[in-house]
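Q: sequence first, then the predicted structure:
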Amino acid sequence: MNHLSKQQNNYDDIINLPHHVSPSRPRMSLYDRAAQFSPFAALTGHGAAIQETARLTGQRIELDENSKQHLNERLQMIKNHLKDQPEVEFTYFIADQKKEGGEYVTVVGNVKKIKEYEQLIFLADGSYISIEDILSVDGELFRKLEE
């Protein structure tokens with residue numbers, strides 16, 4: 001008797017039995033079964049770290065003296081018209097929380113109050129902007145006054 005036929009004889013008692021189905025455990029989906037054999041991610045978070053490093057951020061623009069003076073004049077105009085809660089468009093810098101730099105965003109809102117000591121402008125929607133982060137201020141208020 002050769003080695004192969006002896007091995008077959010060892011399994012003759014179970015070879016034709018029906019497939020076992022557990023009465024207490026649900027059958028595993030094909031997706032979950034395949035996941036057992038997927039590669040192990042030994043460097044979890046590595047891909048996200050690479051993406052974060054590649055993400056671009058902008059640099060803050062430093063205003064010259066003329067631009068600062070122009071901005072201060074516009075902020076004074078807003079302050080003089082606070083009772084009307086003028087609608088103003090602000091472009092300002094938001095620092096990135098994870099790395100150096102950030103981005104400039106533009107928002108339009110009605111100015112509710114200006115706190116000079118804290119250097120903050122509060123909008124009617126509850127948000128606020130740091131005056132030192134403002135790049136430009138625009139709006140109908142300035143167009144009316146400059147005419």
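A: Looks like it arrived, so ask away.

Q: which element follows the longest strand along the chain toward the C-terminus?
A: Assignment by DSSP state E gives strand 102-115 as the longest strand of the chain. Using DSSP states H and E, the helix or strand that directly follows strand 102-115 along the chain is strand 120-123.

Q: so what are the sheet partners of the following helix or strand past that following strand and their directions?
A: Using DSSP H and E, the helix or strand that follows strand 120-123 in sequence is strand 128-130. Sheet pairing for strand 128-130, assigned by DSSP bridges, gives strand 120-123 (antiparallel).

Q: then the longest strand of the chain to PDB, C-alphas only?
A: The C-alpha trace of strand 102-115 is given here as PDB (Å, rounded to 0.1, in the frame of the first residue of the first chain):
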ATOM      1  CA  GLY A 102      -2.600  78.700   7.700                       C
ATOM      2  CA  GLU A 103      -5.100  80.100   5.200                       C
ATOM      3  CA  TYR A 104      -7.000  83.300   4.400                       C
ATOM      4  CA  VAL A 105     -10.800  83.100   4.600                       C
ATOM      5  CA  THR A 106     -13.400  85.700   3.700                       C
ATOM      6  CA  VAL A 107     -16.600  86.000   5.700                       C
ATOM      7  CA  VAL A 108     -19.500  88.400   5.400                       C
ATOM      8  CA  GLY A 109     -21.400  89.400   8.500                       C
ATOM      9  CA  ASN A 110     -23.100  92.100  10.500                       C
ATOM     10  CA  VAL A 111     -20.700  93.700  13.000                       C
ATOM     11  CA  LYS A 112     -22.300  93.700  16.500                       C
ATOM     12  CA  LYS A 113     -19.500  95.100  18.600                       C
ATOM     13  CA  ILE A 114     -15.800  95.900  18.600                       C
ATOM     14  CA  LYS A 115     -13.800  95.200  21.800                       C
END
